[in-house]
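Chemist: When you get a sec, could you give me coordinates for this:
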Amino acid sequence: MRTARVERKTKESHVIVELNLDGVGEISVDTGVPFFDHMLSQLGKHSGFNLTVKTTGDIDVDSHHTVEDTSLAFGQALREALGDKIGIRRFGDAMVPLDEVLVQAAVDLSGRPYLVHRQPEIVELIGTFDTTLGKHIWESIVAEAHIALHIRVLEGRNAHHVFEAQFKAVARALRDAVSLDGGIAGVPSTKGSL
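Modeler: Residues are numbered from 1 along each chain as shown. Next comes the predicted model:
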């Protein structure tokens, strides 16, 4: 089984992430930031990963540290669960609609962190959630997972939908990229490693 358990503890937060890439979309997420919980739940469900996240953080200050540290821990768990990457498809992409929103996501499990993120201007708050953290979530995941990720919001205006469609599209792209491909011998790279 391709699994990982990551514990990240700082003075600002304590995060535990458990990830199974060969799961069935079973999720349990509790970060103390309800909208972020909703987004991580989308990521787990639509990727087909089993995902457990438990975070306690200084949300009395704001949600920044909790969201950032959880995203970093998820990225690390993804990298660790992938292991040597032998036999994976490596690339994945998805186009996901959600009402008026359309999002395209593409991922390369390359071992090289790079993010391209395009979204329209949206309101600064969804409930109490600071939407300026959106790009930072992806930056944090990419930095620790060592993946290249492109996200483009092609259409959309409702902030909730814009966020949710991104998480669903990335989930579907990851689902394809981590899949095992029996037609590939070794690592899918002419370099011999990812």
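Chemist: Do I have it right that A165 meets V96?
Modeler: Yes - taking contacts as Cβ atoms under 8 Å, A165 lies within contact range of V96: 5.2 Å. No exception for glycine: its C-beta is placed from N, CA and C like everyone else's.
Chemist: Those two: who's more crowded?
Modeler: More crowded of A165 and V96, by other Cβ atoms under 10 Å: A165, with 29 against 20.
Chemist: quick revisit: so what sits against both of A165 and V96?
Modeler: Residues touching both A165 and V96 (Cβ atoms under 8 Å, 6 or more residues apart in numbering) are L102, V103.
Chemist: What is the burial count for the closest residue to L21 other than its chain neighbours?
Modeler: Distances taken as Cβ to Cβ, 6 or more residues apart in numbering place R2 nearest to L21, at 4.2 Å, with adjacent residues excluded. Around R2 there are 18 other residues, counting by other Cβ under 10 Å.
Chemist: measure R2 to T128 for me?
Modeler: The gap separating R2 from T128 is 35 Å, by Cβ to Cβ, to the nearest Å.
Chemist: do R90 as well
Modeler: Distance from R90 to T128, counting by Cβ to Cβ: 38 Å.
Chemist: Mind jotting down where the helices sit in this protein?
Modeler: All helices of the chain, identified by DSSP state H, fall at 34-47, 64-82, 134-145, 159-178.
Chemist: Select, out of these, the one closest to R8.
Modeler: The closest of these to R8 is helix 64-82. By Cβ to Cβ, the value is 4.5 Å.
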